[in-house]
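S.K.: what shape does this take:
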Amino acid sequence: MTDLSAVTGPLLWVVVAAFLGASGAEWHDRSFGRRAMAGAWVLFAAFWLLMIPFFAFEHRSVIQTVLVAVGVPACLAVAYHLSRGRTSLLVLSRAVTVALAIYIPFETIAPLHDGLIEIVAAQTEWGMAALGAEYEFVTDDRSLQSLFVFPGTETATGQSYSTRIVFACTGIGSMAIFGGLTAAVRAPLRRRLAALGLSLAAIWVLNIARNVFIAYSSGEQLFSHEALAGPVMAVFGLTDPVRVSFFVADRILSQGLAVLALLGLFWVVLKLLPELAVIVEDLLYLLTGTEYDLLGTPTVTPAPSDD
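M.R.: Here you go, the predicted structure:
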């Protein structure tokens, strides 16, 4: 499989620059900013398109592959309706801009990136110790203390099975999304801070619990059953049955429950910040082509604009 990271890495920076530039342009010229933001969404669609092989073949995540694949036409739909004059989509666009501005520093700046991994790994280790799991908590090949080694769990090569906390395990992506959402709407600062604090705390706790569940399931081989081994190995292209427990715990159970948990958390945040309803209304419109008014207030559909 061709490694596209040499393309996706620089392209992500182009996407971030495009969103930030369009957000800045919106302050000076709303019409130009709207069209520039449409272009940023097209670039975002291209980025997600190139990421599909990674999630499908390298990360081997069915749920994430489906979400990314759906994200491509979704980004293009946002771009189209923005270019046609649907200015309400600028709220969603500002949310994405802020989310990227939060996420990218942790992704690219080594002290932030590595420090976050080690903090999450240490708290995951507390959970593992509380459960009485048998493991060794050691440094990985990047000298980060983030690796759990499980003695007595032999892989196909005869080595002890291990699992590590990586950047994707930190929950920063989800936290960035909710940070973007709370920053994008016009609402009293007190309510926005309350919604942000609640969402960040919930995501952090749930993410640590998820990491503990995955690591414990892997080390104790909780899902190492013949009935699961065949189908899971076939779906995810595995050759070592020791890895079945990890894939069931992570790729199937945890990722599926994470989607439900984030939807539930968004519903709670929506109660605190009903101004976020405009984003939900826009997403429903993109899905169905029908206008919705979740707050029961008079709405006017923006007319197509030629400017």
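S.K.: from here on, just use CA atoms for contacts and neighbour counts.
M.R.: Fine.
S.K.: would you tell me which helix is longest in the protein?
M.R.: Criterion DSSP state H: the longest helix present in the chain is helix 189-220.
S.K.: which regions of the stretch 151-300 of the chain lie under the pLDDT threshold?
M.R.: Where the stretch 151-300 of the chain drops to pLDDT under 70, the residues are 297-300.
S.K.: where exactly do the helices run in it?
M.R.: 172-184, 189-220, 226-236, 244-247, 255-272, 277-288 (DSSP state H, counting those that start in this stretch).
S.K.: hang on, Met37 in a strand?
M.R.: No: if the criterion is DSSP: H, G, I helix; E, B strand; the rest coil, then Met37 is helix and not within a strand.
S.K.: and Phe137, what helix or strand is that in?
M.R.: In the assignment (DSSP states H and E), Phe137 maps to strand 136-139.
S.K.: just checking, what packs against that strand?
M.R.: When contacts are defined as 3 or more CA pairs under 8 Å, 6 or more residues apart in numbering; DSSP states H and E, strand 136-139 packs onto strand 145-154.
S.K.: can I get the strand it packs on in CSV, CA atoms only?
M.R.: In CSV, the C-alpha atoms belonging to strand 145-154 read as follows (Å, rounded to 0.1, in the frame of the first residue of the first chain):
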residue,chain,number,x,y,z
GLN,A,145,6.6,5.6,29.3
SER,A,146,3.5,4.4,27.6
LEU,A,147,4.0,0.7,26.9
PHE,A,148,2.1,-2.1,28.7
VAL,A,149,3.8,-5.5,28.4
PHE,A,150,1.8,-8.6,29.5
PRO,A,151,4.1,-11.5,30.6
GLY,A,152,2.6,-14.9,29.9
THR,A,153,0.7,-13.7,26.8
GLU,A,154,2.7,-15.1,23.9
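S.K.: and it, which residues are buried?
M.R.: If you call a residue buried by 16 or more other CA atoms under 10 Å, then strand 145-154 has these buried ones: 145-150, 153.
S.K.: do the same with stretch 215-232
M.R.: Residues of stretch 215-232 classed as buried by neighbour count (16+ other CA under 10 Å): 215-221, 223-224, 229, 232.
S.K.: swap in stretch 242-250?
M.R.: 242-250.
S.K.: over to stretch 128-144?
M.R.: 128, 133-135, 137, 144.
S.K.: with distance to Ala99 added, can I get the buried residues of strand 145-154 in JSON lines?
M.R.: Formatted as JSON lines, those follow (distance: CA to CA, whole Å):
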{"residue": "Gln145", "distance to Ala99": "28"}
{"residue": "Ser146", "distance to Ala99": "26"}
{"residue": "Leu147", "distance to Ala99": "28"}
{"residue": "Phe148", "distance to Ala99": "30"}
{"residue": "Val149", "distance to Ala99": "34"}
{"residue": "Phe150", "distance to Ala99": "36"}
{"residue": "Thr153", "distance to Ala99": "39"}
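S.K.: of these, closest to Gly173?
M.R.: Ser146 (18.9 Å; CA to CA).
S.K.: pretty sure the closest one is touching Thr124, no?
M.R.: No: judged on CA atoms under 8 Å, Ser146 makes no contact with Thr124 at a distance of 9.2 Å.
S.K.: ok, Leu4 - contacts?
M.R.: Contacts for Leu4 were tallied using CA atoms under 8 Å, 6 or more residues apart in numbering; they are 50-51.
S.K.: let me know the pLDDT of it.
M.R.: Leu4 is assigned a predicted lDDT (pLDDT) of 83.
S.K.: number the chain from 12, please
M.R.: Happy to do that; since the first residue is 12 now, the last one works out to Leu15.
S.K.: all the helices of the stretch 12-161 of the chain, residue numbers only.
M.R.: Using DSSP H, counting those that start in this stretch, helices in the stretch 12-161 of the chain cover 16-39, 41-64, 73-94, 100-119, 121-141.
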